[in-house]
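Novice: Here is a sequence with its predicted model. Questions after.
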Amino acid sequence: MSAVATAKEPLNIVATVGMVSDAVKAVGGERVETEALIGSGIDPHSYRQTRNDVVKLGRADAIFANGLFLEAQLEELLLKLKTKKPVFFVGEGISKDKRMGSADYQGRYDPHVWMSPELWINAVNATEAALIELDPEGEAYFKKNADEYRKQIEALADYGDTVLATVPEQKRVLVTAHDAFAYLGRDFGMEVVGIQGVSTNSEAGLNRIEELVNLLVEKKIEAVFVESSVSERNVRALVEGAAARGHKVVIGAELFSDAMGDPGTYEGTYVGMIDHNMTSIARALGGKAPERGLNNKLSRGES
C-alpha cells in the first residue's frame, strides 16, 4: 500500500479500540491525529458501526484495528474498506504460535492479546511498521517514539512478574465476567476462569453459574472480578450463589478487559489499564502491590 500522507499534514487515523489508538498515538506522536471508534466501557465484540462511524472511516487516511475477530461485527466492513485504503490489523502481528485458540469460534484465536505486555510489543512493532509505510519521512521519529513506548511496556511486564508472584499459590485463580484474561494467566501463572467465553456474545446458563459457584466454594476463592465493558449480572449471581452456600465472596475490583478507562485518565492509557488490572488482581487475591501501582498514578486503588 502506498503512503497516503506526508509530514506536512498529520495522518488522519481511525482506530477501532482504545488499546490500538493508544499505540498509534504513542508511536505516531505529532505526525498523527487519531481517535478510537469504540469508546470506554463499550464492548467491541458486539459493536456495530453507526452512520457516523462509516463517515469517519471513509474520511480516514488509514484504519488501525486489533483484528483476530475482536471487532467481530465490523470485520466485513473493515475488509471491504481494505480494498480502498490502508487497513492494518496490528494484533495479527503476533505470530500464530504465540496466540491462544478460541473456544467460541472454530479456527479463530483469542483476540485479547493486549493482556500480555510481552505479546503487545509485537502489535506496537506492527503499528510502527505501518506508520513508516504511510509516512516514510517520519521513520526516525516513529522509531524513537516506539522505542520509548516499548520500554514502558517492558517495565509493565516486569511489574506483573513481581506483584502477581506475591499472590499465594492456592489463591491464584482469577474469576471474571468473560474469558478475556487467558494471556495474562499464561504469562503470570494464574488459572483464569471466565463466566462467559472469549466473546461476550456467548451466554452463561444456570449450569455454568452453578459450576462456578461450586468452584468458588471448593477452592475457597474469596474474590471475583467485574469488567468495565461487561454486565455485572453474572458476577453478582456468583456472589449470591456462594453466599447461599455459606461462603463469602467479594467483588475484588472492576477490571479493564476490552476497553480502557476514561479518556484523559491514567487508566485511559494502555499502560494505565494493565497497571490497574495487575495491581487490583494482586491486592484482591492476597498478594502485595503498591496501592497506586507501578507508576504511582492509579486513581482508583483497589476499587
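Specialist: In hand now; what should we look at? Residues are numbered from 1 along each chain as shown.
Novice: May I see the domains of this structure written out as residue ranges?
Specialist: What automatic domain parsing lists as the domains of the chain is 11-161, 165-284.
Novice: Next up, phi/psi of the residue nearest to residue 230 when sequence neighbours are not counted, please.
Specialist: In space, residue 230 comes closest to residue 177 once its chain neighbours are excluded; the distance is 4.1 Å by CB to CB, 6 or more residues apart in numbering. Heads up, the C-betas are built off the backbone N, CA and C, glycines and all. Note on residue 177: backbone dihedrals following degrees, to the nearest 10 are phi -60, psi -40.
Novice: Kindly report the same for residue 286.
Specialist: On the backbone of residue 286 - angles per degrees, to the nearest 10 - the values are phi 90, psi 10.
Novice: and it, what is it in contact with?
Specialist: The contact partners of residue 286, by CB atoms under 8 Å, 6 or more residues apart in numbering, come to 167-168, 171, 222.
Novice: Now, of these, which are buried?
Specialist: Buried subset of those (neighbour count, 16 or more other CB atoms under 10 Å): 167, 171, 222.
Novice: where's the second one relative to residue 141, distance?
Specialist: The gap separating residue 171 from residue 141 is 45 Å, by CB to CB, to the nearest Å.
Novice: Show me the shaky parts of the chain.
Specialist: 1-7, 197-205, 300-303 (pLDDT under 70).
Novice: could you redo the last one with a cut-off of 50?
Specialist: 1-7, 301-303 (pLDDT under 50).
Novice: what about the helices in it?
Specialist: In the chain, the helices defined using DSSP state H lie at 18-28, 51-59, 75-81, 117-134, 139-164, 182-188, 206-218, 233-244, 270-284.
Novice: now those in CSV, with distance to residue 227 and mean neighbour count?
Specialist: Shown next, in CSV, are the helices of the chain (distance: least, CB to CB, whole Å; neighbours: other CB atoms under 10 Å):
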stretch, distance to residue 227, mean neighbour count
helix 18-28, 14, 26
helix 51-59, 23, 12
helix 75-81, 22, 14
helix 117-134, 18, 22
helix 139-164, 18, 17
helix 182-188, 13, 21
helix 206-218, 15, 15
helix 233-244, 8, 17
helix 270-284, 10, 25
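Novice: Just send the ones you listed back as CSV, with distance to residue 293 too.
Specialist: Conversion of the helices of the chain to CSV gives the following (distance: least, CB to CB, whole Å):
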stretch, distance to residue 293
helix 18-28, 17
helix 51-59, 33
helix 75-81, 34
helix 117-134, 14
helix 139-164, 8
helix 182-188, 15
helix 206-218, 27
helix 233-244, 23
helix 270-284, 4
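Novice: And the ones you listed: which comes nearest residue 97?
Specialist: Closest to residue 97 of the helices of the chain, according to CB to CB: helix 117-134, at 11.5 Å.
Novice: how many neighbours does residue 113 have?
Specialist: Residue 113 has 26 neighbours, counted by other CB atoms under 10 Å.
Novice: actually residue 254, not the one I wrote
Specialist: Neighbours of residue 254 (other CB under 10 Å): 21.
Novice: Which strand residues bridge it?
Specialist: Counting by DSSP bridges, residue 254 forms beta bridges with residue 226.
Novice: Could you measure from it over to residue 190?
Specialist: 18 Å.
Novice: Residue 105 now?
Specialist: For residue 105, the distance to residue 190 (CB to CB) stands at 24 Å.
Novice: that older thread, possible to save the domains of the chain as JSON lines with distance to residue 298?
Specialist: Below are those laid out as JSON lines (distance: least, CB to CB, whole Å):
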{"stretch": "domain 11-161", "distance to residue 298": "12"}
{"stretch": "domain 165-284", "distance to residue 298": "6"}
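Novice: I am finished for the moment; much appreciated.
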